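**Student:** Below: sequence and its predicted model.
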Amino acid sequence: MEIQKIVIGLVANDRNQYLISLRQGKQHLAGKWEFPGGKLEAGETPLQGLNRELQEEVGLEVDDAELMERKVFAFSDRTLELHFFRVIRVRGQAVAREGQPLRWASVAELKQLPFPDANQSVIDRL
Ligand SMILES: Nc1nc2c([nH]c(=O)n2[C@@H]2O[C@H](COP(=O)(O)OP(=O)(O)OP(=O)(O)O)[C@@H](O)[C@H]2O)c(=O)[nH]1
Ligand SMILES: [Mg+2]
């Protein structure tokens, strides 16, 4: 089976706070915070997928982003290939388009809040 590719966007505001939302309900890793993102679809480049996911989830249009880290991570129940992007230019106002709790968090807060284990190395670098 092919490993699912995931595209994830780190969006910072002018106070160096990052946009995060809470995974809920029956989602994988419910109760953990996350950066917006999701599964890359067939035929998309990672940047196209990132733009689509951020529009769908938080109403933001990504104009420019750079890959920070790509990692294959084995969770207990699945293995994912995660592409973490630093979003450099964005248009629009962040809104929770899927009803998810959404907030801005400082780097100090990111280091305290529960995130998936796969996010640790990226958060450590902020
Ligand atoms: N969005 C996002 N997903 C993450 C992060 N860290 C991490 O391990 N993941 C994992 O990567 C996968 C992302 O899938 P997703 O649930 O966001 O996918 P999606 O938006 O396409 O949703 P859907 O499957 O409900 O349509 C999940 O298994 C999630 O647990 C993160 O920071 N952001
Ligand atoms: Mg998602």
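**Tutor:** Arrived safely, thanks for sending. Ligands and ions are numbered 1, 2, ... in the order given.
**Student:** Residue 80 and ligand 1, how far apart?
**Tutor:** Taking Cβ to the nearest ligand atom, to the nearest Å as the criterion, residue 80 is separated from ligand 1 by 5 Å. Backbone N, C-alpha and C define where each C-beta goes, glycine included.
**Student:** That residue bridge partners, please.
**Tutor:** Taking DSSP bridges, one finds residue 4, residue 73 as the beta-bridge partners of residue 80.
**Student:** how many neighbours does it have?
**Tutor:** Residue 80 is surrounded by 18 other residues when neighbours are defined as other Cβ atoms under 10 Å.
**Student:** which residues sit in contact with it?
**Tutor:** Each residue near residue 80 by Cβ atoms under 8 Å, 6 or more residues apart in numbering is listed here: 3, 4, 5, 6, 72, 73, 118.
**Student:** is it possible to export those residues to JSON lines including distance to ligand 1, neighbour count and pLDDT?
**Tutor:** Supplementary listing: the contacts of residue 80 in JSON lines, determined by distance: Cβ to the nearest ligand atom, whole Å; neighbours: other Cβ atoms under 10 Å; pLDDT from 0 to 100:
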{"residue": "3", "distance to ligand 1": "12", "neighbour count": "12", "pLDDT": "95"}
{"residue": "4", "distance to ligand 1": "7", "neighbour count": "12", "pLDDT": "98"}
{"residue": "5", "distance to ligand 1": "10", "neighbour count": "17", "pLDDT": "98"}
{"residue": "6", "distance to ligand 1": "4", "neighbour count": "19", "pLDDT": "98"}
{"residue": "72", "distance to ligand 1": "12", "neighbour count": "11", "pLDDT": "98"}
{"residue": "73", "distance to ligand 1": "7", "neighbour count": "17", "pLDDT": "98"}
{"residue": "118", "distance to ligand 1": "4", "neighbour count": "21", "pLDDT": "98"}
